[in-house]
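1. Provided below for reference: sequence and predicted model.
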Amino acid sequence: EDGDGNSHRRGGDAAAAIARVLARVDPRTAMDTIAAEVDRLGPLGPAYFSAVYVAAEVLALPAVPLTASAGYLFGAVEGTAVVLFSATIAAGVSFLIGRSLLRKWVEDIAGESEQFQAIDRAVAAEGFKIILLLRLSPIFPFALSNYFYGLTAVEFGPYLLATLLGFAPGTFLYVYSGEVASVAAGAGADGAAYPWYVYAGVLSVGAFVAAQVTDVATKVLEETGGIVADDD
């Protein structure tokens, strides 16, 4: 057990060291580099983007800029497909790491959270449903939550499916916002079927619908005591 404990501690120390190094990276420069590389690689651009996205999520880096940039780089449909594939793969990798290599480290953090204990109990009873609702209602950061879900009783297959389905609405909205930005900036104006304000209107409707879905999911989770923290 001492060997396992040392291994878990080394894993936690390594993760912290990587986080400190990555914190020094300039996001704007990184995004420009990724966009240039995607353009240079042509047909292989989506594969490169996917690899970067998976790495970012596994390292718990903010991926919202990457998600939006997928719409700018690939368009709404292809961009959504690339991001959903990448995010699901990353969620699976982090889940397995949290369940094995970094289990002790994640357990130490999760053990101090009553909210996670409530989620753990709920997932044990209704794994797929609770994970789906948690994906639709972003109570926790996506990247970090993947590690914590590895501690729950949910099976790997249902977890991945719930992640894919629950992540889809928000992903499309963020990716589509990137395409709207591309049209508004004139970068995609030549290939645009409609003026930029039509795209902006669709985005506004989508945002409204997504907000309603999130509210419904959150209300359902509120009925499961302890998952949604009280504001008081």
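-> Everything's here; your move.
2. So what touches stretch 43-55?
-> With contact meaning C-beta atoms under 8 Å, 6 or more residues apart in numbering, stretch 43-55 is reached by 34, 37-39, 41, 63, 66, 70, 73-74, 78, 82-83, 85-87, 89-90, 93. In this view, the C-beta of every residue, glycine as well, is placed from N, C-alpha and C.
3. cool, stretch 217-225 as well?
-> Contact with stretch 217-225 is made by 118, 122, 130, 133-134, 136-137, 139, 227-228, as judged by C-beta under 8 Å, 6+ apart.
4. Spell out which helix or strand contains residue 166, please.
-> helix 156-185 (DSSP states H and E).
5. Next up, the contacts around the residue nearest in space to the middle of the chain.
-> The residue lying closest to the centre of the chain (C-alpha atoms, centre = their mean) is residue 142, at 4.2 Å. Taking C-beta under 8 Å, 6+ apart, we find residue 142 in contact with 57, 63, 87, 91, 135, 167.
6. quick one: the last one and residue 85 touch, right?
-> No - checked against C-beta atoms under 8 Å, the pair residue 167 and residue 85 is beyond contact range at 10.8 Å.
7. Need the nearest residue in space to residue 149, chain neighbours excluded.
-> residue 95 (5.8 Å; C-beta to C-beta, 6 or more residues apart in numbering).
8. From the contacts of stretch 43-55, keep the buried residues only.
-> 34, 38, 63, 66, 70, 73-74, 82-83, 86-87, 89-90 (16 or more other C-beta atoms under 10 Å).
9. Quickly name whichever of the contacts of stretch 217-225 is closest to residue 183.
-> Checking the contacts of stretch 217-225 against residue 183 with C-beta to C-beta, the nearest one is residue 136 at 27.7 Å.
10. Give me the spatial nearest neighbour of that closest one, chain neighbours excluded.
-> residue 217 (3.8 Å).
11. all helices in this protein, in order from the N-terminus.
-> 2-22, 27-41, 45-58, 64-74, 76-99, 103-110, 114-125, 127-136, 142-149, 156-185, 196-222 (DSSP state H).
12. Can you point out the buried residues in the longest one?
-> When you say that, I think you mean helix 156-185. 159-160, 162-184.
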